[in-house]
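**Q** return atomic coordinates for the entry below.
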Amino acid sequence: MRAIADQEKQVFQRTGISNAMAQPYFHNILPLASERDKKTLILWGIKDFTKRFGHAPQGMWLPETAMDLASLEAMAEQGIQYTILAPWQAKDPLVDTTQPYRVVLNSGKDFFVFFYNSFLSGEISFNPSASENADTFVQDWLIPQMDSLKVDHEKSIMVASDGELYGHHQPFRERFLSYLLDGAVEKNGIQREYPALWLRDHPVEQTVELLENTSWSCHHGIERWRNVCGDAPSATWKKPVREFMNGLADAIDREYEAHLQNLIRDPWELREAYVDVLLGNRVLDEVIAEHAAPTLTPGQQALVRLLLEAEYDRLRMFASDAWFFYDLDRIELLNTLKYAAHAAGLVEQATGHNPTEGVVDILAQAHSEVSSMSGDIAFLGYLKSFEMKLDQASR
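**A** Below you'll find the model as predicted:
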């Protein structure tokens with residue numbers, strides 16, 4: 001992380017432009033998030049970026065590039081200027097990916113999208129031979145692709161791939177990437193470019209219409225994260241898990257708002273400010289005191305602390321990987337059930353009310369094809385474990 005921040009600092013000092021992008025704080029599918037959650041996740045992501053890099057971001061990468069116009073509006077409202085999308089997220093199937101576009105938002109704010117080159121991105125991501133040698137990649141993949149794109153303006157060729165490809169999925173590919181950017185492209189007269197730098201130096205003249213509720217990793221829109229789709233046609237567990245999480249989140253939010261409305265001037269502004277505590281910028285009691293309506297008693301402060309922690313887990317229980325794969329009995333889904341159980345347990349500890357009533361039964365419809373596990377049994381097991389730890393701590 002220090003190396004990433006150091007190189008970004010050098011670029012920023014040299015150009016006045018960042019080559020880094022922020023992202024929402026958790027890896028949640030934003031089109032499936034409420035308007036309030038969109039705002040919190042985007043604000044927290046901006047704060048996290050600013051803490052790491054020392055200045056505000058211009059761009060934001062959306063998890064799985066999943067988008068709707070409300071998410072773009074929420075980013076623009078917080079000063080984000082651009083994002084990156086897959087070419088099939090444009091309404092025009094022949095969209096020119098060599099230039100960015102302006103998106104017309106209802107708010108009238110400027111917002112831009114870059115589309116990555118799907119051929120080059122797919123080759124680097126899924127064809128190991130493409131990334132074995134940077135010089136060969138430039139000669140046999142990049143230059144022919146650039147030459148094939150017949151446009152009468154300066155071309156921006158963007159390649160998008162998962163970071164874990166480089167050295168994790170494919171050994172030594174971090175060396176490929178390093179030499180590609182620090183040698184191979186320059187030898188061939190190709191200029192390295194950053195989206196924010198391109199926006200500074202090139203006017204954006206074209207507008208584009210987007211297909212809402214789409215992503216780069218599901219060709220069925222965003223169904224992969226809420227229901228059965230062609231990517232996981234037998235994963236009938238996804239819908240009840242999503243419905244359970246939505247119901248639990250609503251119940252937690254009701255408890256949060258009801259118990260804080262007479263203590264905190266705006267409970268949701270407090271949740272937004274909570275990220276300063278998570279990042280180590282401020283002390284929690286100071287943040288609470290700043291937002292408190294009356295002076296709080298120690299018991300009231302403890303209530304606020306527990307409910308803020310519950311909101312933290314209630315936000316991260318929607319992390320996208322829980323729904324990405326084929327079966328229920330995987331670490332990704334089990335982790336989010338742990339977050340959900342922790343959030344529910346904290347709410348009950350704080351208020352005496354059980355937020356799972358009326359929603360936990362939905363999980364009984366979610367079954368693993370690999371094991372005999374069902375969602376409700378796993379969740380209740382985690383909730384019981386949390387309660388046992390509380391009981392031991394109180395003795």
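**Q** just after the lengthiest helix in the chain, pick out the following helix or strand.
**A** Counting by DSSP state H, the longest helix found in the chain is helix 238-260. Moving toward the C-terminus from helix 238-260, the next helix or strand (DSSP states H and E) is helix 267-273.
**Q** which neighbouring elements make contact with that following helix?
**A** Judged by 3 or more C-beta pairs under 8 Å, 6 or more residues apart in numbering; DSSP states H and E, the packing partners of helix 267-273 are helix 35-53, helix 238-260, helix 284-291, helix 298-316. All C-beta spots, glycine's among them, are computed from the backbone N, C-alpha and C.
**Q** how does it look with 7 Å?
**A** Helices and strands touching helix 267-273, by 3 or more C-beta pairs under 7 Å, 6 or more residues apart in numbering; DSSP states H and E, are helix 35-53, helix 238-260, helix 284-291.
**Q** how much distance is there from that helix to the middle of the chain?
**A** Distance, stretch centre to chain centre, for helix 267-273: 20 Å (C-alpha atoms, centre = their mean, to the nearest Å).
**Q** which element follows that helix toward the C-terminus?
**A** Counting by DSSP H and E, the element after helix 267-273 in chain order, helix or strand, is helix 275-278.
**Q** got a pLDDT number for the closest residue to Ala56 other than its chain neighbours?
**A** Ranked by C-beta to C-beta, 6 or more residues apart in numbering and with sequence neighbours excluded, the top spatial neighbour of Ala56 is Thr50, at 5.5 Å. As predicted, Thr50 sits at a pLDDT of 98.
**Q** and the longest helix of the chain, how far out from the chain's middle?
**A** Worked out by C-alpha atoms, centre = their mean, helix 238-260 lies 20 Å from the chain centre.
**Q** could you do stretch 55-67 as well?
**A** In this view, stretch 55-67 has its centroid 8 Å away from the chain centroid, taken as C-alpha atoms, centre = their mean.
**Q** could I get the buried residue list for it?
**A** Buried positions in stretch 55-67, judged by neighbour count with 16 or more other C-beta atoms under 10 Å: 57-67.
**Q** then stretch 33-40?
**A** 33, 37-40.
**Q** quick one: contacts for the residue of the chain most remote from its centre?
**A** Residue farthest from the centre of the chain, counting by C-alpha atoms, centre = their mean, is Arg395 at 39.9 Å. Contacts of Arg395 were listed using C-beta atoms under 7 Å, 6 or more residues apart in numbering, and none were found.
**Q** which residues in this structure form strands?
**A** For the chain, the strands defined by DSSP state E occupy 82-85, 101-102, 112-115.
**Q** looking at the ones you listed, which is buried most?
**A** strand 82-85 (a mean of 24; mean count of other C-beta atoms under 10 Å).
**Q** run through who's touching it.
**A** Counting by C-beta under 7 Å, 6+ apart, 58-62, 65, 67, 75, 100, 111-116, 158, 160, 195, 199 sit against strand 82-85.
**Q** same for the longest helix of the chain, what does it pack against?
**A** Judged by 3+ C-beta pairs under 7 Å, 6+ apart, helix 238-260 is in contact with helix 267-273, helix 298-316, helix 331-351.
**Q** for that helix, which positions count as buried?
**A** By neighbour count on 16+ other C-beta under 10 Å, the buried set for helix 238-260 is 238-249, 251-253, 255-256, 259-260.
**Q** ok, now stretch 382-391?
**A** By neighbour count on 16+ other C-beta under 10 Å, the buried set for stretch 382-391 is 382-383, 386.
**Q** again, but for stretch 188-196
**A** The neighbour-count check on stretch 188-196 (16+ other C-beta under 10 Å) flags 193-196 as buried.
**Q** and for stretch 223-231?
**A** Neighbour counts over stretch 223-231 (16+ other C-beta under 10 Å) mark 223-229 as buried.
**Q** for my notes, please list those residues in JSON lines and give distance to Val208 and pLDDT for each entry.
**A** Compiled in JSON lines, those are given as follows (distance: C-beta to C-beta, whole Å; pLDDT from 0 to 100):
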{"residue": "Glu223", "distance to Val208": "23", "pLDDT": "96"}
{"residue": "Arg224", "distance to Val208": "24", "pLDDT": "96"}
{"residue": "Trp225", "distance to Val208": "24", "pLDDT": "97"}
{"residue": "Arg226", "distance to Val208": "26", "pLDDT": "96"}
{"residue": "Asn227", "distance to Val208": "28", "pLDDT": "96"}
{"residue": "Val228", "distance to Val208": "31", "pLDDT": "95"}
{"residue": "Cys229", "distance to Val208": "25", "pLDDT": "94"}
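**Q** those residues: which two are farthest apart?
**A** Spanning the widest gap among the buried residues of stretch 223-231 are Trp225 and Val228, at 11.5 Å by C-beta to C-beta.
**Q** touching both of the two, which residues are there?
**A** Shared contacts of Trp225 and Val228 (C-beta under 7 Å, 6+ apart): none.
**Q** so how far is Leu62 from the nearest residue to Ala74 once chain neighbours are set aside?
**A** Of all residues not flanking Ala74 in the chain, Lys38 sits nearest, at 4.3 Å (C-beta to C-beta, 6+ apart). Taking C-beta to C-beta, to the nearest Å as the measure, Lys38 falls 10 Å from Leu62.
**Q** who touches both of these two?
**A** By C-beta under 7 Å, 6+ apart, Lys38 and Leu62 have these common neighbours: 30, 71.
**Q** what are the ranges of the helices in the stretch 101-250 of the chain?
**A** Using DSSP state H, counting those that start in this stretch, the helices of the stretch 101-250 of the chain run over 118-126, 134-137, 143-148, 173-179, 185-187, 195-201, 238-260.
**Q** give me the angle between the longest one and helix 284-291.
**A** Helix 238-260 runs at 70 degrees relative to helix 284-291, counting by axes from the mean of the first three to the mean of the last three C-alpha atoms, to 10 degrees.
**Q** next, the angle from helix 238-260 to helix 331-351.
**A** 20 degrees.
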